[in-house]
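Student: please find the sequence and the predicted model below.
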Amino acid sequence: MPEGDTVWHTATVLRDALAGKTLTRCDIRVPKYATVDLTGQVVDEVISRGKHLFIRIGSASIHSHLKMEGSWKVSPVGKPSRAGHRIRIILEAGDIQAAGIDLGVLEVLEREHDVETVAHLGPDLLGDDWDPHVAAANLTSDPDRPLAQALLDQRVMAGVGNVYCNELCFVTGHLPTAPVKDVKDTLRMVQRARDMLWLNRSRWNRATTGDPRPGRDLWVYGRAGKPCRRCGTQIQSDSSGDRVAYWCPICQT
């Protein structure tokens, strides 16, 4: 599931593949932007902001958001792709191709105003603007709000998705439904969030337990019915809301 670390890593891969190169093909498969052609222009930079990604080319900025299933794939030009009709954009520079697949958001913005799209976000957990004190203050601005809801609010801090939300609740010993005011040290919680994303930013196989091996990488997320890694109690889940919640009824109170 794409979260802040995935987007940061994706931006790094795209930057290495495209930055400083001249586009030899620009194919945007979204009706509103189908006539936009940036061929012949140089890719200046690729940056991430929370879960948002910007590819800046001349006076334009290609803004994308992966949402739940989106991705960018870099490959040699001409290599067959299984994505087919799911590809929303293709950018080529020489012998390198970058394809945006199942992107939840894809738009072309004026470069000088592209940051307005993300002006509402809180401090970026993997960005230069990261400030744990601001993030902690944002988190406690509504003390009665359910913790999971607050952690998923990108206006609090940018980058936490449902995987990290559930894992943060576990490692800090709180139920996802507990009010924010139950967290005694919110500064420590947001710093823990930063640590989790920072350690995973350069790899695809996300791990919060310290063990990246398959089946050992997460504490509670996706482990409903399995024993808690700490106490052995069966992990519970609730899918009645917008996001699935996972927790240990003994370790989280």
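Tutor: Happy to help now that I have it.
Student: and Ser71, how close does it get to Leu125?
Tutor: In this view, Ser71 and Leu125 are 20 Å apart by C-beta to C-beta, to the nearest Å. Heads up, the C-betas are built off the backbone N, CA and C, glycines and all.
Student: and those two? Which one has more around it.
Tutor: Neighbour count, other C-beta atoms under 10 Å: between Ser71 and Leu125, Leu125 has more, with 28 against 15.
Student: grab the nearest non-local neighbour of the more buried one.
Tutor: Take Leu125 and drop its neighbours on the chain: the residue closest to it by C-beta to C-beta, 6 or more residues apart in numbering is Gly159, 3.8 Å away.
Student: what pLDDT does the one you found get?
Tutor: If you check Gly159, the pLDDT there is 97.
Student: same thing with Asp16?
Tutor: So Asp16 comes in at 97 (pLDDT).
Student: next, count neighbours for the residue nearest to Leu125.
Tutor: Neighbour tally, Gly159, other C-beta under 10 Å: 29.
Student: tell me which stretches of the stretch 151-253 of the chain form strands.
Tutor: Taking DSSP state E, counting those that start in this stretch as the test, the strands found in the stretch 151-253 of the chain are 236-238, 245-247.
Student: adding mean neighbour count, mean pLDDT and distance to Thr208, write those strands out as CSV.
Tutor: Shown next, in CSV, are the strands of the stretch 151-253 of the chain (neighbours: other C-beta atoms under 10 Å; pLDDT from 0 to 100; distance: least, C-beta to C-beta, whole Å):
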stretch, mean neighbour count, mean pLDDT, distance to Thr208
strand 236-238, 15, 97, 17
strand 245-247, 24, 98, 12
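Student: if we can go back for a sec, which residues does the residue nearest to Leu125 contact?
Tutor: Residues near Gly159 by C-beta atoms under 8 Å, 6 or more residues apart in numbering: 3-5, 7, 50-51, 124-126, 193, 197.
Student: and if we set it to 10 Å?
Tutor: By C-beta atoms under 10 Å, 6 or more residues apart in numbering, Gly159 lies in contact with 3-8, 48-51, 121-127, 130, 193-194, 196-197, 201.
Student: if any of these are buried, give me the PyMOL selection for them.
Tutor: Per 16 or more other C-beta atoms under 10 Å, the buried members of the contacts of Gly159 correspond to this PyMOL selection:
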select buried, resi 3+4+5+6+7+8+48+49+50+51+121+122+123+124+125+126+127+130+193+194+196+197+201
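Student: in stretch 217-229, what's buried?
Tutor: Those buried within stretch 217-229 under the rule 16+ other C-beta under 10 Å are 217-221, 223-224, 228-229.
Student: might you list the low-confidence residue ranges for this protein?
Tutor: 1 (pLDDT under 70).
Student: follow-up on the earlier one: including distance to Arg25, could the strands of the stretch 151-253 of the chain go into CSV?
Tutor: Conversion of the strands of the stretch 151-253 of the chain to CSV gives the following (distance: least, C-beta to C-beta, whole Å):
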stretch, distance to Arg25
strand 236-238, 45
strand 245-247, 43
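Student: of those, which is nearest Gly20?
Tutor: With C-beta to C-beta as the measure, strand 245-247 is the member of the strands of the stretch 151-253 of the chain nearest Gly20 (42.9 Å).
Student: the closest one: partners in the sheet, and parallel or antiparallel?
Tutor: strand 236-238 (antiparallel) (DSSP bridges).
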